[in-house]
Structures are given as C-alpha cells and as structure tokens.
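In: need a 3D model of the sequence below.
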Amino acid sequence: MLITPVRMNYNQSFGNKPLYAINKNGEMKRYKSRTEASEDLGITTSSIGNCANGGTKTTCGYIFMNYEDVKSKVMDRTGIKADEKKLGILLRDKFDDNPVYAVNCNGEYLRFYSPKDAGDRLGISTFTICNSVKGIPNNSKEWAFVSADKMENVSENGEITINDDVLNEAMKSVNRKSFYVIDKDGNYKKYNNKSEAAEDLGIDIMKIYQCLTNRLMKADDYTFVPAEEIEVKGKVGEVDKKELKKLLINNFENSPLYVIDEKGRYTRFTNRQDAAKAIGSTPSTVASCINDTRKYTVKNYALAPAESIEYIDENGNIIPQKELINKVVSESFSRKPIYVIDRNGNCTKYYTRNKAAQALGIDVHTITHCLRGDQIKTRGGYTFALPSEIEVIDDNGNIKINRKKVRELKNKINNNAIYALSSNRKYKKYLSIKEASDSLHLSEDSIQNCITGKTKRVRNYTFFKAKDIDIIDESNRCTQDFEALKKIYNDRFNK
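Out: Predicted coordinates:
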C-alpha cells in the first residue's frame, strides 16, 4: 500500500510523536505514539490527539500530553522525573470538577477531584457526600466532606495551604458522630459508626442508639458514650480517666454507698443489696436510711451515698474524704434534741425525736417532715424546731430561747386553725381542717371550699379561718371579735 506524501507528513509530525498518559493518581506512562497508547488503553487515537492538542482537558480518566509539553510543564530541572508541585497543579487544573476534601476524626484528609471521584474511591454515595458538603447531617461513616473552596488558601504565587479552622471544624463534626464502647472493667474502644460496632459486638444497633441518646444505661454488659463527652478537650483520641471512672460508677454500679461504724471505719459497696446483706438488714431499710425518711442508723451503722463522700482524681482513682465521713458519724450517732412548740407558744425540749413522738403520740416520720419544712408544717397542734433555730447564747454563755422565733413558729399552728359556726350560733375552734373533718364527719374538701368562699355552708355549719375573729393581746391571750363573728353569721346563714 502506497502512502501519500500528506499522510506521511501527518504520521511524521503527529502520529509517531512520543506522548505521556497521566491518570488521576498522578501516575505517568510514556508511549512512543498515539497508536501505541490507543492499543494499550482502548481509547481512540482521535480522542487521544484531541486531548494532547488541548481540545479537551481529559479523556476516559487520562490526561494526554506531548513529550515537549510534559518536559516543560511537568518535569523537574533534570528532565527525568516529575516535579510534584507542577504535577499537582496540572492534575487539579485538568481533573477538578467541584473538588472536595474528606476529613476523618484525627484530622487526616484526602483531596478528590469531585464528589463522584470521592464516592467511587471511598465507597460512599455521591448524594451523601454532596449533603455533607452542604452541612446536612449524613451517614458517611468516618468522613466529613468539605468543598475545596473553603478548605484551601491560595497565595498570590499559586501555593495552596490548608485552612486550619475549617479542618478543625470538619474534624469535630466527625468526632461528634464517633463514640466509645466501654465494658464494666473499664476497657474501651472507639467506633466511628453504629453499624460497625453492632457487627463487631453482636449487639442490636437500636440498643446502641438508645444508649447514646441516654434512653438506656447499658446494653449487653457494655455502655456507649459520645466521644466528645469522654475525651480530653482538644485531644482527640485521648480518654479522660476521671470521666471514664464516673461513667463506670453511674452505669455499672447500682447506687454505690458507704457503710460507716461509730468509730468512722467504712466499707464501700457498689449496690444496696450487698450492703444490706453485709449488715444483716434489707435493701428497703437501707434505702430509707440513705433517703433520711426513717432513721439515721441501721444495725448501728450509718449509711451515706458514695457521691456525698468521695471524689475522683485526674487519674480516675476514688478518694474517700475523711472530713465528710466524720461529718456523717457526727450527724448519725450523736443525739439530736428538738423543741416542741404548742399553739400557746409553750416550748418543750426533747433529746430525741423518738422521745417527742412517744410523749405527744405523733408518728416520728411526721416530726421529721415538719422539721424539714415539707408539706407538713404542724401536727396535732404542735410544730417542731431544731435547737439551732431558736436557741441563742448570751454574753455570759447561757443558752436562751429566741421568743420572737417561737412566736413565728406558734403562728404556723394558729394559721392552720379554723372555726366551725353552726346555724344555732354555736362556734368551736379546731386546730386544722383534718381535725374538724374527723370531729364533724365532713369531708376535708367541702370544708376547704367553704373556707375559700366557694360555698357558704356545709350542712348546718360554715367554716372560716381563726385569724378572721381571733384577737391576741399583749399578754398573749386570745379573745374573739364578736362583731366580726356576727357579720360572718349574717353573711353565711341569712338569705
């Protein structure tokens, strides 16, 4: 076959010229001619030529450049190997199509020419990557994605540096999704997604989710906690030993407590059941003592919640505080005198609550509630106070009663007193609504409604606060204002 002069000139000028094929990874391969490159890569010579001549940036994932262009634009001064900087600029110029960075929780990053390129190489959907770039929460395993425009700082001479602020923010966003799995012995491992942990541990993924959202404390002898809650601030991957110990106590110990004897010797228990068994009591009695609703000691032992006694140092060690233990011993084993004040302001001292309860015929728990200032403030015409509330010490060191405080406490009783006025004009004073209810066989609600003005009468009675007609003179004697009483009668019984 004869070759025309024109064809011969084309082959000599273009077809047989050496050229380079460069892929996305910067790998370069030299070919003697476009024909050889076409046969090796399965790309038509026309497409290769079009790319080499600048008609297109890339073709089929390759950049094609004539040898002279590669030598001047890519090679270093020796002309033997590629200049990394020049090659990087070339790859970005040719392949970039909305480039993105993938950042992991350790601040390591990868650059991709496009979301599709990142998806193909990381095995993540392009849709997920695009959402991550936009800031929409995603399930992109251990990566956060940021557009190159935000991530890169370009200097005047074309040098590219990474924006540290953007990098740190992307790293934190990944770390928010990371979490630790911890067993009861304090062993831990970090995971970047729930699916990986569920498969590794053989745990239902929903249980992991419930632990991370505080709906469950633990699942299958493991507990789970977001990385940002247990890592040292500013140090990704470094677990805070103090926070780890707190987590173990809260999630694996069932209400830890201290059992303390009268000499201040103590034993720590991880749960109430073990403590009750050790001192020969029941868990419910132990709970009552800790909550201070029944008694101060159980079987001659004082009990205290662990959090009120101990602290955790920086290395995660539990340190019982001796001064707090001594305080518990002092409060639990020493006598606790109280004062009882009646409605006339008479003040009587009892050395224990039990003694006061026996003398007055009142339940000791009720006295405790009165002293705390709970809903019950008085009972049976009495109110109660601690010595520290009404005792004062004069200049000579003598203990005296603060009469002003006693009057205030007496008013507590009188404020609850009510009068029952019958239709035949007879009246009687009761210390409380309950007392009137029991005496007259009327419901407390109906009496309360009458006092508040919702109703005028209950059967043949009307009720009102004692303070509406009581007059207390300077001698602390109580008399009634009969004009006020008459007015109440006319208002409630006359039509």
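In: tally of neighbours for the closest residue to Asp83 other than its chain neighbours?
Out: Using CB to CB, 6 or more residues apart in numbering and skipping the chain neighbours, the partner closest in space to Asp83 is Asp76 (4.2 Å). (C-beta placed from N, C-alpha, C; glycine too.) Other residues within reach of Asp76 by the criterion other CB atoms under 10 Å amount to 13.
In: quick check: phi and psi at Asp76.
Out: The phi/psi pair for Asp76 (degrees, to the nearest 10) reads phi -80, psi -170.
In: cool, and the one 3 residues further on?
Out: When quoted as degrees, to the nearest 10, the phi and psi of Gly79 stand at phi 70, psi 10.
In: try Gly55
Out: Per-residue torsions, Gly55: phi -70, psi -40 (degrees, to the nearest 10).
In: got a list of contacts for stretch 187-196?
Out: 104-105, 139, 141-142, 174, 177-182, 197, 200, 205, 208-209, 212, 227, 237, 239, 244 (CB atoms under 8 Å, 6 or more residues apart in numbering).
In: next one: stretch 71-79
Out: Under CB under 8 Å, 6+ apart, the answer for stretch 71-79 is 20, 22, 28, 65, 81-83, 86-87, 90.
In: which one of those is nearest Leu216?
Out: Nearest to Leu216 among the contacts of stretch 71-79 is Leu87, at 52.7 Å by CB to CB.
In: hmm, Asn25 and the closest one touching each other?
Out: No - counting by CB atoms under 8 Å, Leu87 does not reach Asn25; the two are 10.5 Å apart.
In: have a look at the two and say which one is more surrounded.
Out: Using other CB under 10 Å as the criterion, Leu87 and Asn25 rank with Leu87 on top: 19 against 8.
In: which secondary structure element contains the more buried one?
Out: Per DSSP states H and E, Leu87 falls inside helix 84-95.
In: could you give the mean pLDDT of that helix?
Out: Taken as a whole, helix 84-95 has a mean pLDDT of 74.
In: then stretch 130-139?
Out: 71.
In: what do you get for stretch 461-468?
Out: Mean predicted lDDT for stretch 461-468 stands at 90.
In: please, where are all the helices along the stretch 1-150 of the chain?
Out: 5-10, 34-41, 45-52, 67-73, 84-95, 115-122, 126-134, 148-151 (DSSP state H, counting those that start in this stretch).
In: and the residue nearest to Glu314 when sequence neighbours are not counted, how many neighbours?
Out: Excluding its sequence neighbours, the residue lying closest to Glu314 (CB to CB, 6+ apart) is Lys242, at 5.6 Å. As a burial measure, Lys242 scores 17 neighbours (other CB under 10 Å).
In: what's the pLDDT at Lys242?
Out: pLDDT for Lys242: 86.
In: ditto for Ile279
Out: pLDDT, Ile279: 90.
In: hmm, back to that, would you say the residue nearest to Glu314 is within a helix?
Out: Yes - counting by DSSP: H, G, I helix; E, B strand; the rest coil, Lys242 falls inside a helix.
In: that one contacts Gly316, doesn't it?
Out: Yes - counting by CB under 8 Å, Lys242 touches Gly316, with 5.6 Å between them.
In: check which helices and strands the helix or strand where Lys486 lies sits against.
Out: Per DSSP H and E, Lys486 falls inside helix 482-493. Applying 3 or more CB pairs under 8 Å, 6 or more residues apart in numbering; DSSP states H and E, one finds that helix 482-493 contacts strand 418-422, strand 461-465.
In: parallel or antiparallel, list what pairs with the first one.
Out: Sheet pairing here is set by DSSP bridges, and for strand 418-422 it gives strand 427-430 (antiparallel), strand 461-465 (antiparallel).
In: who's in contact with that strand?
Out: Strand 418-422 is contacted from outside by 427-430, 432-433, 436, 440, 447, 451, 460-466, 468-469, 485, 488-489, 492, using CB under 8 Å, 6+ apart.
In: the same query, at a cut-off of 10 Å, please.
Out: 426-433, 435-436, 439-440, 442, 447-448, 450-451, 457-470, 480, 485, 488-489, 492-493 (CB atoms under 10 Å, 6 or more residues apart in numbering).
In: these, buried ones only, as a PyMOL selection?
Out: To isolate the buried members of these in PyMOL, using 16 or more other CB atoms under 10 Å:
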select buried, resi 427+429+430+431+432+433+435+436+440+442+447+448+450+451+458+461+462+463+464+466+469+470+485+488+489+492+493
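In: list the contacts of Leu371.
Out: If you count contacts by CB under 10 Å, 6+ apart, then Leu371 has 336, 338-339, 353, 383-386, 389 around it.
In: let's see which of these end up in strands.
Out: 338-339, 383-385 (DSSP state E).
In: just give me the closest of these to Lys349.
Out: Of all the ones in strands among the contacts of Leu371, Lys349 sits closest to Tyr339, with 5.5 Å by CB to CB.
In: which residues does that closest one contact?
Out: Tyr339 makes contacts with 347-350, 356, 371, 383-387, 389-391, 401, 405-406, 409, as judged by CB under 10 Å, 6+ apart.
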